[in-house]
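1. coords below, sequence missing:
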């Protein structure tokens, strides 16, 4: 079974405040596997519902300031366990 892996900015839904969906200005890009961020299950997304970011796996070393450090560390560990380089 293949995992759906996407790098996404977390989107918040402030229906109570009436602001709708938005992305916080200080948000980092998270690695979502099958809809949940590797760093925490509190960050989740439905693959395909939001536009994906132009940054991805290839950019984690070149632009680390844009990515969640925990997600990058867990993603690299996951790649090692799967035997990917």
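-> Here it is on my side, so go on. Here the structure is a predicted model, which is why all the values come from computation and not from measurement.
2. tell me the centre residue of this structure?
-> Centroid-nearest residue in the chain, with C-alpha atoms, centre = their mean: residue 30, separated by 2.3 Å.
3. which secondary structure elements does the particular helix or strand that has it in it contact?
-> Assigned by DSSP states H and E, residue 30 belongs to strand 30-33. Here strand 30-33 touches strand 5-8, helix 69-82, going by 3 or more C-beta pairs under 8 Å, 6 or more residues apart in numbering; DSSP states H and E. The C-beta positions use only the backbone N, C-alpha and C, and glycine is treated the same way.
4. contacts for that strand, please.
-> 3-10, 37-39, 43-45, 47, 67-68, 71-72, 74-75, 78 (C-beta atoms under 8 Å, 6 or more residues apart in numbering).
5. and those, which are buried?
-> The neighbour-count test (16 or more other C-beta atoms under 10 Å) marks 6-10, 37-39, 43, 45, 67-68, 71-72, 74-75 as buried among the contacts of strand 30-33.
6. I'd say residue 66 and residue 54 touch.
-> No - with contact defined as C-beta atoms under 8 Å, residue 66 does not reach residue 54; the gap is 10.4 Å.
7. more neighbours: which of these two?
-> Legend: neighbour count by other C-beta atoms under 10 Å for residue 66 and residue 54, higher for residue 66 (15 against 8).
8. ramachandran coordinates for that one?
-> Main-chain torsions, residue 66, degrees, to the nearest 10: phi -90, psi -10.
9. relative to residue 82, how far out is it?
-> 24 Å (C-beta to C-beta, to the nearest Å).
10. shaky segments in this structure?
-> For the chain, applying pLDDT under 70 flags the ranges 1, 13-20, 46-52, 84-85.
11. if you set the cut-off to 50 instead, what comes out?
-> Residues of the chain meeting the criterion pLDDT under 50: none.
12. identify the bridge partners of the residue nearest to the centre of the chain.
-> residue 8 (DSSP bridges).
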